[in-house]
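>>> give the three-dimensional model of this entry:
(one chain, ligands or ions: 1)
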Amino acid sequence: MQPFEYNALPGRVVFGRGTIGQVKAEVEALGASRALVITTAQQQASGADLLDRLGNCGAGLYAGAVMHTPIDVTEDAMQQVAALDADCLVAVGGGSTIGLAKAIALRTDLPQVAVPTTYAGSEATPIVGQTEGGIKTTQRGPKILPETIVYDVDLTITLPVDLTVTSGLNAIAHAVEGLYSREANPMISLLAQDGVRALVSALPRSVENPEDVDARSDALYGSWACGVTLGVAGMALHHKLCHTLGGTFDLPHSQTHSVILPHAMAYNAAHAPEAMARVARAIRADDAATGMWELAKKLGAPMSLAELGMPGDGIDRAVEMVLANPYWNPAPLEENRLRKLLEAAHFGSQPIGAA
Ligand code: NAD
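Modelled structure (predicted):
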């Protein structure tokens with residue numbers, strides 16, 4: 001056994017079907033009685049339903065969450081927190097909604113109940129990325145981590161098929177990077193591998209029949225396992241590339257993860273053989289990076305940065321930005337290899353260096 005360090009994260013998880021009915025009790029268990037419900041405009045109806053269920057524990061609804069947690073939206077929501085004298089935040093939605101609750105909690109230390117409806121995994125991490133002036137910066141801290149997660153499988157049935165796929169691949173990316181991160185440890189590696197296994201089994205079934213509750217349940221469990229991995233273990237080249245591309249070229253979050261993942265895996269494969277062997281086992285492929293690329297293709301995920309709107313002449317700029325402010329990575333970051341990685345991702349060709 002290699003030496004390791006492990007910092008367990010606190011947090012309560014309620015997982016099941018119909019658990020939305022337990023949110024009020026969870027708010028009360030946190031000692032709160034004036035919860036602000038947060039959603040996107042698209043999920044306003046879910047937010048209104050939850051506010052209704054909270055009864056005398058619900059203070060109001062803020063339905064203005066958007067992707068990448070812009071600071072001006074957080075400031076706007078903070079005014080509502082103050083006006084309502086809210087003592088708890090209840091986020092119902094994907095990573096964008098949960099990101100807004102985290103940004104408010106960072107400023108107020110209010111307790112949070114996260115009710116996730118995608119597979120992004122943000123609810124299980126003490127990380128928030130916030131955007132100001134077109135630049136997204138990420139920070140970690142104990143105030144950011146939601147106190148309670150209520151997973152209700154029924155809320156994920158409506159997740160559109162394309163988002164089901166890319167959000168699931170986003171979760172898998174957390175597990176893959178957790179397996180080869182500097183903070184990797186045996187406990188989290190077990191969870192990461194099982195998260196990948198669960199999602200790889202569940203995503204094709206969810207695509208085939210979005211109302212397959214068993215598939216949705218396995219996918220949501222997998223996303224929790226992968227989210228915990230991201231929360232405890234660190235990020236590396238894959239996340240760095242995605243943050244750079246998302247922030248600088250305004251590329252959509254989970255779709256960018258889907259395109260980049262097999263390429264980042266191929267880049268790191270020779271320097272992370274044990275992690276790759278675990279992923280290959282979990283996805284039942286001979287080669288992890290090729291297997292991931294084929295899986296994404298089979299699921300109908302976008303395969304190229306070009307189709308997401310990345311300008312071809314942006315590759316050099318992205319390489320420059322990754323090198324200027326790198327994350328730790330198992331393979332050394334080399335300008336030429338990074339350019340080739342991004343070219344392959346841009347055109348949607350096979351990952352370079354994969355077996
Ligand atoms: P999202 O939250 O932006 O959701 C995408 C769209 O789908 C939204 O319009 C949303 O309202 C809708 N939606 C969500 N669930 C739905 C459902 N079940 N049925 C119907 N519509 C639904 O997408 P996302 O990929 O979950 O989140 C992306 C954001 O999360 C990014 O800003 C990213 O940086 C952040 N994120 C953060 C972390 C972290 O640990 N800090 C981890 C992953 C993602």
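>>> show the backbone phi and psi for the spatially most central residue of the chain.
Closest to where the C-alpha atoms of the chain average out (CA atoms, centre = their mean) is residue 120, at 2.9 Å. Main-chain dihedrals, residue 120, degrees, to the nearest 10: phi -60, psi -30.
>>> not counting its neighbours along the chain, what's nearest it?
Spatial nearest neighbour of residue 120, chain neighbours left out: residue 95 (3.6 Å); criterion: CB to CB, 6 or more residues apart in numbering. All C-beta spots, glycine's among them, are computed from the backbone N, C-alpha and C.
>>> burial of that neighbour, as a residue count?
Residues near residue 95, counting by other CB atoms under 10 Å, number 28.
>>> what's the answer for residue 10, then?
Neighbour tally, residue 10, other CB under 10 Å: 8.
>>> now it. Nearest residue, chain neighbours left out?
residue 145 (7.3 Å).
>>> quick check: the one you found touching residue 125?
Yes: contact between residue 145 and residue 125 holds when scored by CB atoms under 8 Å: they sit 6.9 Å apart.
>>> give the residues shared as contacts by these two.
Shared contacts of residue 145 and residue 125 (CB atoms under 8 Å, 6 or more residues apart in numbering): residue 231.
>>> give the residue farthest from the middle of this structure.
Quick read of the chain (CA atoms, centre = their mean): farthest out is residue 56, 32.1 Å.
>>> after the helix or strand containing residue 24, which helix or strand is next?
If you go by DSSP states H and E, residue 24 is part of helix 23-29. Next along the chain after helix 23-29, taking DSSP H and E as the criterion, comes strand 35-40.
>>> against which helices or strands is that next one packed?
Packing partners of strand 35-40 (3 or more CB pairs under 8 Å, 6 or more residues apart in numbering; DSSP states H and E): helix 44-54, strand 58-65, helix 71-84, strand 88-93, helix 95-108.
>>> residues contacting the residue farthest from the centre of the chain?
Here residue 56 is in contact with residue 33 (CB under 8 Å, 6+ apart).
>>> that one: what secondary structure?
Counting by DSSP: H, G, I helix; E, B strand; the rest coil, the backbone at residue 56 sits in helix.
>>> what's the pLDDT at it?
Listed pLDDT for residue 56 reads 97.
>>> much appreciated, bye for now.
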